[in-house]
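1. My questions concern the predicted model and sequence given below.
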Amino acid sequence: MTQVTTYTGVLDLAAGAFLLTAVLIVWRRELRAIVRLLAWQGVALAAIPLSVGLNQGDAALIAVAVVVLLLRAVVLPLLLARAVGTEDHERRESTPLVNTTTSLLITAALTVLAYAVTRPIIALDPSPATRAVPAAFAVILIAVFVMVSRRRALSQAVGFMMLDNGIAATAFLITAGVPLIVELGASLDVLFAVLVLGLLTGHMRRTFGGTDLDQLRELRD
Amino acid sequence: MSALAVVAAALQVVCVLAGAPLVVGGMRQVRARLEGRAGGGFGQPWRDLRKQMRKQQITPLGTTVVFALAPAVLAGSTLLIAAIVPLIALGSPLESAADLFGVVGLLFLGTVALTLAGLDTGTAFGGMGSSREITIAALVEPTILLAVFALSVPGESANLAAIVSATAHNPGQLVSPGSLLAFVALAIVIIAETGRLPVDNPSTHLELTMIHEAMILEYAGPKLAMVEWASGMRLTVLLALVANLFMPWGIAGADPSLLAILLGLAAISLKVALLAGFLAAGEVFIAKLRLFRVPELLAGSFLLALLAVTASYFLGTPTS
């Protein structure tokens, strides 16, 4: 009995922290702080398969948790942190398309929307894990919002990573994880995507002196 | 309900009255020491109050009864909150009125009285302070209500005593995402509501930045003393309320003995002193936010409160 409630508690805390980091990423403007928060989100994400794996005694799931922890809490944030420019104006997100107050309220609306649309999924199989699915789904929606509302290349990359984190968390919560080989393939994909994004950002900064994507939309002489 | 429960409720009011200036003095002392100053000592707010009480009462020309009554309304509503919330013991004679929504209403009664008084003087600063205060209050109120709603989900009641005793019996629910988020949201709005850094600087009289001080600029003598005393009491009561909502240990039961009451008094004093110390120490490291950034902070805390509600309502750890 106590073991079951501890498992639920840890799972709920992990899902809550996962959602909270997404909200804080929307809130903060400092790029370094955003990358740090992304690392914490990786930790929260790894805690989900770990707690499920320990509860079900599934060694493969625990292995996946360790891989996820290494990749998403250590390697990817380090790669992104290297891509943050050292110039002063590069270290902060320039004014987002939507101001912070409105972004936070939109995030609130997206969270409620996530809870509303995932109710049929929870109704299929009400267990502690599926009950946390709305949090993961909310992260997916918030990530899409971050990707469309930010201007810097790096913050959009962070949005992409959040999107992938959210999809992974949803998979862990609904099906207790995809097969190991699929998970490894997806992780490798993300790793390469971030490597390419980091390279591109570096090239952009060297060529244009900035990574504000809005300035790259029109042709100039 | 025993006679001792009535004694406990009366003791709460007396302790808040006597302790509020000490809490304010203690916070100033902590801040002064951390900034390398000697500070005025714990008793300085009491000495200030005594000095102001002896002064002549001056009423600005053209002010009405609104200006004259506001300090009394502020102090009275705060004392009423001090009487009904469970600080020392649970079984207060006014317990059935100790609804969190009622407490929030009383809190805003005081705020509105003070804003009207600021407008009543007709000076530029009074109106500016009132407009700023009401902007913040309008943003704070939905957050407090949502956080309260999140807290009342596990206890299945908005009654404060029911929430506190539910938490005391089942401390495990404190580490659920719902109550953690509600704690952060409540902490932010209480900082905003009591006019502490980073929302308002309580020690400034610079016209560009002040909010609370601008409203009470026209008060002098005993009325100023009353407003400042009441602000201190609000801070004390809110800190004690947060302490008991999230750390309900040591509070006396519904039918307390004399020893339990004394124990409850010691526990709540310790908790408030700790919280006030942390708050004052934290304030040393932060600067005041620009006024236009304040809505950002409060929107953030609104979002946290909303997440707290969704977490405790939908995630809903099955009650074991």
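-> Thanks, I have the structure now. Numbers count the residues shown, from 1 in each chain, chains lettered A, B, ... in the order given.
2. Helix or strand: which one has the closest residue to B:Phe302 other than its chain neighbours?
-> Closest residue to B:Phe302 apart from its sequence neighbours, by CB to CB, 6 or more residues apart in numbering or on different chains: B:Thr143 at 4.6 Å. All C-beta atoms are positioned from the backbone trio N, CA, C, and that covers glycine. Following DSSP states H and E, one finds B:Thr143 within helix B:124-155.
3. quick one on the thing from earlier: so how far is chain A from the residue nearest to B:Phe302?
-> Distance of B:Thr143 to chain A, computed by CB to the nearest CB, to the nearest Å: 11 Å.
4. mind saving the C-alpha coords of the helix or strand containing B:Leu303 as CSV?
-> Assigned by DSSP H and E, B:Leu303 belongs to helix B:294-310. Provided in CSV are the C-alpha atoms of helix B:294-310 (Å, rounded to 0.1, in the frame of the first residue of the first chain):
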residue,chain,number,x,y,z
VAL,B,294,4.8,43.5,-11.8
PRO,B,295,1.8,42.2,-13.9
GLU,B,296,4.3,39.7,-15.4
LEU,B,297,5.2,38.4,-11.9
LEU,B,298,1.5,38.3,-10.9
ALA,B,299,0.4,36.6,-14.1
GLY,B,300,3.1,34.0,-13.4
SER,B,301,1.8,33.4,-9.9
PHE,B,302,-1.8,33.2,-11.4
LEU,B,303,-0.6,30.5,-13.7
LEU,B,304,1.1,28.6,-10.9
ALA,B,305,-2.2,28.8,-8.9
LEU,B,306,-4.1,27.5,-11.9
LEU,B,307,-1.6,24.7,-12.3
ALA,B,308,-2.1,23.9,-8.6
VAL,B,309,-5.8,23.7,-9.1
THR,B,310,-5.5,21.5,-12.2
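5. low-confidence ranges in chain A?
-> Low-confidence segments of chain A, defined by pLDDT under 70: A:1-4, A:85-96, A:176-178, A:210-211, A:213-221.
6. packing partners for the longest helix seen in it?
-> Determined from DSSP state H, the single longest helix within chain A is helix A:180-208. If you count contacts as 3 or more CB pairs under 8 Å, 6 or more residues apart in numbering or on different chains; DSSP states H and E, helix A:180-208 packs onto helix A:59-68, helix A:76-83, helix A:153-175.
7. Can you pull the residues of chain A lying near chain B?
-> Counting by CB under 8 Å from any CB of the partner chain, the residues of chain A close to chain B are A:1, A:5, A:8-9, A:12-13, A:15-17, A:19-20, A:23, A:27, A:100-101, A:104-105, A:107-108, A:111-112, A:115, A:128, A:131-132, A:134-135.
8. Does anything pack onto the helix holding B:Leu303? Which helices or strands?
-> helix A:2-27, helix A:100-117, helix B:124-155, helix B:177-193.
9. what's the closest of those helices to A:Arg205?
-> Nearest of the helices and strands packed on helix B:294-310 to A:Arg205, taken as CB to CB: helix A:2-27 at 21.6 Å.
10. Identify each buried residue in the following helix or strand past the closest one, please.
-> With elements assigned by DSSP H and E, the helix or strand that comes after helix A:2-27 is helix A:31-56. Residues A:31, A:34-55 are the ones in helix A:31-56 that count as buried (16 or more other CB atoms under 10 Å in any protein chain shown).
11. before we move on, the earlier item: pull the distance from the helix holding B:Thr143 to the chain's centre.
-> Offset of helix B:124-155 from its chain centre (CA atoms, centre = their mean, to the nearest Å): 12 Å.
12. Could I get the contacting residues of A:Val68?
-> Going by CB atoms under 8 Å, 6 or more residues apart in numbering or on different chains, A:Val68 touches A:Gly42, A:Leu45, A:Ala46, A:Pro49, A:Ala168, A:Glu183, A:Ser187.
13. Please apply the same query to A:Phe145.
-> A:Val26, A:Ser103, A:Ile106, A:Thr107, A:Leu110.
14. Can I get those in JSON lines including neighbour count and distance to B:Arg196?
-> Output for those, formatted as JSON lines (neighbours: other CB atoms under 10 Å in any protein chain shown; distance: CB to CB, whole Å):
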{"residue": "A:Val26", "neighbour count": "26", "distance to B:Arg196": "25"}
{"residue": "A:Ser103", "neighbour count": "24", "distance to B:Arg196": "26"}
{"residue": "A:Ile106", "neighbour count": "17", "distance to B:Arg196": "29"}
{"residue": "A:Thr107", "neighbour count": "26", "distance to B:Arg196": "26"}
{"residue": "A:Leu110", "neighbour count": "21", "distance to B:Arg196": "31"}
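15. now for the chain, which residue lies nearest the mean position of the chain?
-> No chain specified, so I'll use chain A. A:Met162 (2.1 Å; CA atoms, centre = their mean).
16. wait, I meant chain B there
-> B:Leu238 (3.0 Å).
17. Now do the phi/psi pair for the nearest residue to B:Leu160 once chain neighbours are set aside.
-> Closest residue in space to B:Leu160, ignoring its immediate chain neighbours: B:Ala98 at 4.4 Å, by CB to CB, 6+ apart. Backbone torsions of B:Ala98, given as degrees, to the nearest 10, read phi -80, psi 60.
18. Flag every residue of the stretch 1-150 of chain B that's near chain A.
-> Counting by CB under 8 Å from any CB, the stretch 1-150 of chain B has no residue next to chain A.
19. Most proximal residue of the stretch 1-150 of chain B with respect to chain A?
-> Using CB to the nearest CB, the closest approach of the stretch 1-150 of chain B to chain A is made by B:Leu139 at 9.5 Å.
20. Stretch B:243-251 - what's its average pLDDT?
-> The pLDDT scores in stretch B:243-251 average 83.
21. and it, which residues are buried?
-> B:Ala243, B:Asn244, B:Leu245, B:Phe246, B:Met247, B:Pro248, B:Gly250, B:Ile251.
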